[in-house]
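# Curious how this folds, go ahead:
(one chain, ligands or ions: 1)
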Amino acid sequence: MSSPAQAGRKKRVFSGMQPSGEAHLGNYLGALRPWVQLQREYDCVFCIVDDHAITAGGNPADMPKNVVDLAVSFLAVGLDPEQAIIFVQSDVPEHTELAWLFNAVTPVGDLERMTQYKDKAQHFESIPAGILNYPILQAADILLYKGEAVPVGEDQRQHLELTRDIARKFNAAYGETFPETEALIDKGVGRILGLDGEAKMSKSLGNTVGILAEPDEVWGRVRTAVTDPQRVRRDDPGRPEVCNVFTLHGHFTDAETRADIEVKCRAGEIGCVDCKRILSDNIAEAFGPIRERAAHYRAHPEEVRRTLQEGAERARAIARETMSEVREKMGLDWRSAIV
Ligand code: AQP
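Residues are numbered from 1 along each chain as shown. Here you go, the predicted model:
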């Protein structure tokens, strides 16, 4: 296999997002915004991973709308079908086929060691196999496109390590086929906490601010945010260092205003409601252009449909090639035995 540089082409990057609810500012800062940059430098494949989302056990009736809403968010933030392949996972059945074949080289013990599996498993009396096998499908997502790099936050490093192991084991058993995918470590924002100030901002936890929310909805959400629990009255001195609202200001408010808020908060001269109001206004303003573009795509659903259909065709062309190589290497081509 020649390296991308030798072959004079860009490295391929795969990344996905679950359509498990409305995209929020954690998804934006941690994934969508960096993806917009990545698509300029890499050969990017961006996927709406609905096959993954079924493991969360949501209402199937919500899924089609969630998929389309996420596609609107992808396009509204600036993911560009001219630069990247944008598609829905279930439109390319080779993802689940490859995941099944990877079962042949993946030790159960490796899956059981995954921190995310241990965390998620606690919420079930009877653990669905999909929760355990989730990282195999992630490996298939990446390796189906022979992804050479993936952007990962700290929480996904372990899964990427497993993807690399699966690639190594497959190559050892059946011959050199897959790259050992590298991590593009996110040095940016890290993990954005939710409005509860405790857990990661997560679609499924409802502690989010949606990137397409109208300004009054943004305010409706931000005003519920937990601040410094020791601050009871408006003129109590606050501790910005323990306040998630202050942390969020770091992503949306200019340095001078932040410095002013910090001084006034410590002196008890600005109340939490006023501080949240500034944050809410700044979030609503920052996402203004994205909301406008989303309104365009909502008014032109045929553009969204075309993007996803064409994306799926391009993705399938690559997927088919990989799968015919994989099937042949794994002996899944009985026709070769008939002359
Ligand atoms: N709070 C966050 N801070 C920084 N980055 C985040 N991401 C998600 N939440 C935060 C990044 O968004 C990408 C896509 O995530 P996903 O939807 O596939 O899965 P997730 O990480 O599980 O996202 P959620 O919102 O927490 O969804 P649910 O509740 O359905 O599990 C990833 O790159 C992730 O790092």
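# per-residue confidence averaged over the helix ranked longest in the chain?
For the chain, the helix with the greatest residue count under DSSP state H is helix 301-329. The pLDDT scores in helix 301-329 average 98.
# And for stretch 285-296?
For stretch 285-296, mean pLDDT is 98.
# That stretch: which residues count as buried?
Judged by neighbour count (16 or more other Cβ atoms under 10 Å), stretch 285-296 contains these buried residues: 286-287, 290-291, 293-294. Yep, even glycine has a C-beta here, placed from its N, CA and C like the rest.
# State the helix or strand in which the residue nearest to Arg293 when sequence neighbours are not counted lies.
Distance criterion Cβ to Cβ, 6 or more residues apart in numbering; nearest residue to Arg293, sequence neighbours excluded, is Ala76 at 4.1 Å. Taking DSSP states H and E as the criterion, Ala76 maps to helix 63-77.
# again with Gly26
In this structure, Gly26 sits in helix 25-27 according to DSSP H and E.
# Could you list the residues in contact with that helix?
17, 191-192, 194, 200-203, 208-211, 248, 251, 283, 287 (Cβ atoms under 8 Å, 6 or more residues apart in numbering).
# Quick check: of those residues, which has the highest neighbour count?
For the contacts of helix 25-27, neighbours were counted using other Cβ atoms under 10 Å, and Val209 has the most, 28 neighbours in all.
# ok now do that one, which residues does it touch?
Contacts of Val209 (Cβ under 8 Å, 6+ apart): 24-25, 195, 201, 218, 221-222, 283.
# neighbours around Val108, how many?
For Val108, using other Cβ under 10 Å, the count is 10.
# before we move on, back to that, looking at the contacts of helix 25-27, which is nearest Lys264?
Distance ranking of the contacts of helix 25-27 against Lys264, using Cβ to Cβ, places Leu248 first at 16.9 Å.
# which SS state does the nearest residue to that closest one once chain neighbours are set aside fall under?
In space, and not counting its chain neighbours, Leu248 is closest to Leu279: 5.8 Å by Cβ to Cβ, 6+ apart. Put simply, Leu279 is helix when judged by DSSP: H, G, I helix; E, B strand; the rest coil.
# Identify the residues contacting Leu279.
Here Leu279 is in contact with 222, 245, 248-249, 252-253 (criterion: Cβ under 8 Å, 6+ apart).
# so which pair among the residues you listed is furthest apart in space?
Val222 and Thr253, at 12.2 Å, using Cβ to Cβ across the contacts of Leu279.
# Quick one, grab the pLDDT at the residue in the stretch 51-200 of the chain that the ligand sits nearest to.
Relative to the ligand, the nearest point of the stretch 51-200 of the chain is Ile192 (3.5 Å; Cβ to the nearest ligand atom). With respect to pLDDT, Ile192 scores 93.
# With the one 4 residues further on instead?
With respect to pLDDT, Asp196 scores 96.
# That one sits in which helix or strand?
Asp196 belongs to no helix or strand when elements are defined using DSSP H and E.
# how near is the residue in the stretch 1-150 of the chain that the ligand sits nearest to to Leu79?
Residue of the stretch 1-150 of the chain nearest the ligand, by Cβ to the nearest ligand atom: Gly30 (2.1 Å). In this view, Gly30 and Leu79 are 15 Å apart by Cβ to Cβ, to the nearest Å.
# Since that was my last question, I'll sign off now.
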